[in-house]
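Chemist: sequence? don't have it. structure:
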């Protein structure tokens, strides 16, 4: 049952403030759908269980192999100490490796175990969504494009980019 978000953002019928309510609805749905997908994530010996912080760190490590811990912190918007704790834990789980770079830097890379874990998760997510969405791949691609654009713009704020 939809909420009356128009009142939540102080709008009356129509106009620019009503558009803000539509955007608030979109954000709310994104957060909830993410939670629901995560709740259907497989468990068991084939999947390495990660905390929310570890998941955020692994996403950046997977997307930017060789990233420094400071870059991971910036991209995840996590405190550097929380990233360090997560990296130690992920290293202990066999999900990342850390190696010194030229100078005093550290490069973080996903391991084969992390790649295998991600393959299992992505296959499970794809099956779950295919069962719900069927073969409407045009809409899926449009939605993926929109969400990718949002992600890029939200992370660009951290880099001073467009």
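Modeler: In hand now; what should we look at? Note that the structure is predicted; figures quoted are calculated from it, not measured.
Chemist: quick one: contacts for residue 114?
Modeler: Residue 114 makes contact with 48, 58, 61-62, 90, 94-96, according to CB atoms under 8 Å, 6 or more residues apart in numbering. The C-beta positions use only the backbone N, C-alpha and C, and glycine is treated the same way.
Chemist: Just the buried ones from these?
Modeler: Taking 16 or more other CB atoms under 10 Å as the criterion, what is buried in the contacts of residue 114 is 48, 58, 61-62, 90, 95-96.
Chemist: So which of these are in strands?
Modeler: Secondary structure from DSSP state E places residue 96 of the buried ones among the contacts of residue 114 in strands.
Chemist: ok, so of the buried ones among the contacts of residue 114, who is nearest residue 73?
Modeler: Checking the buried ones among the contacts of residue 114 against residue 73 by CB to CB gives residue 61 as the nearest, at 12.0 Å.
Chemist: I'd like the distance from the closest one to residue 123, if you could.
Modeler: Residue 61 sits 20 Å away from residue 123 when distances are taken as CB to CB, to the nearest Å.
Chemist: From residue 39, how far out is residue 111?
Modeler: Counting by CB to CB, the gap between residue 111 and residue 39 amounts to 26 Å.
Chemist: The two: which is more packed in?
Modeler: residue 111 (16 against 7; other CB atoms under 10 Å).
Chemist: Go ahead and confirm that one touches residue 94.
Modeler: Yes: applying CB atoms under 8 Å as the test, residue 111 and residue 94 come out as touching, 5.8 Å apart.
Chemist: follow-up on the earlier one: among the contacts of residue 114, which lie within helices?
Modeler: 58, 61-62, 90 (DSSP state H).
Chemist: Out of the residues you listed, flag the one nearest to residue 104.
Modeler: For those, the nearest to residue 104 is residue 61 (19.7 Å; CB to CB).
Chemist: picking up where we left off before, for the ones in helices among the contacts of residue 114, which one is nearest residue 129?
Modeler: Looking across the ones in helices among the contacts of residue 114 and measuring by CB to CB, the closest to residue 129 is residue 62, at 19.3 Å.
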